[in-house]
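[1] for reference, the sequence and a predicted model appear below.
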Amino acid sequence: MPVLTGIVRNADVQVAIFRGSGVNDTMISVAVGGKIQGWSLVALTPDTASLTRAGTRLALHPDYRGAPFVGGVTALPTAAAN
């Protein structure tokens with residue numbers, strides 16, 4: 001099962017970042033329309049990656065456990081200010 005660790009969306013790019021399943025856990029970026037572990041990435045929202053495989057639809061939300069440290073602080077998303 002793919003583990004979603006992040007989502008990048010802007011006017012030019014829409015990719016999901018997944019934790020690799022290898023020894024060194026390399027991160028893997030997949031664009032909408034791409035595949036990971038037999039799953040096709042069909043849509044992205046700011047907090048969900050939608051994948052399909054053999055008629056099954058899967059909605060993944062980022063798993064920030066083990067997120068890299070940036071400036072001594074774990075890089076986590078911030079809530080939108082109202």
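    Great, that's in hand.

[2] can we go C-alpha only for contacts and neighbour counts from here?
    Noted.

[3] tell me where the protein has strands.
    3-9, 14-19, 27-31, 35-36, 39-45, 48-53, 56-60, 69-70, 73-74 (DSSP state E).

[4] what's in contact with the third one?
    Contacts of strand 27-31 from elsewhere in the structure, counted by Cα atoms under 8 Å, 6 or more residues apart in numbering, are 13-20, 36, 41.

[5] that strand pairs with which strands?
    Under the criterion DSSP bridges, strand 27-31 sits next to strand 14-19 (antiparallel) in its sheet.

[6] which residues does the strand it pairs with contact?
    Residues contacting strand 14-19 (Cα under 8 Å, 6+ apart): 2-9, 25-32, 44, 49.

[7] most surrounded residue in the contacts of strand 27-31?
    In terms of neighbours by other Cα atoms under 10 Å, these top out with residue 16 at 25 neighbours.

[8] which non-adjacent residue is nearest that one?
    Spatially, and ignoring its direct neighbours in sequence, residue 16 is nearest to residue 7 (4.5 Å; Cα to Cα, 6 or more residues apart in numbering).

[9] surely that neighbour touches residue 50?
    No: assessed by Cα atoms under 8 Å, residue 7 is found out of contact with residue 50, at 11.4 Å.

[10] identify the contacts common to those two.
    residue 44.

[11] who's more crowded, these two?
    Between residue 7 and residue 50, counting by other Cα under 10 Å, residue 7 is the more crowded of the two (21 against 18).
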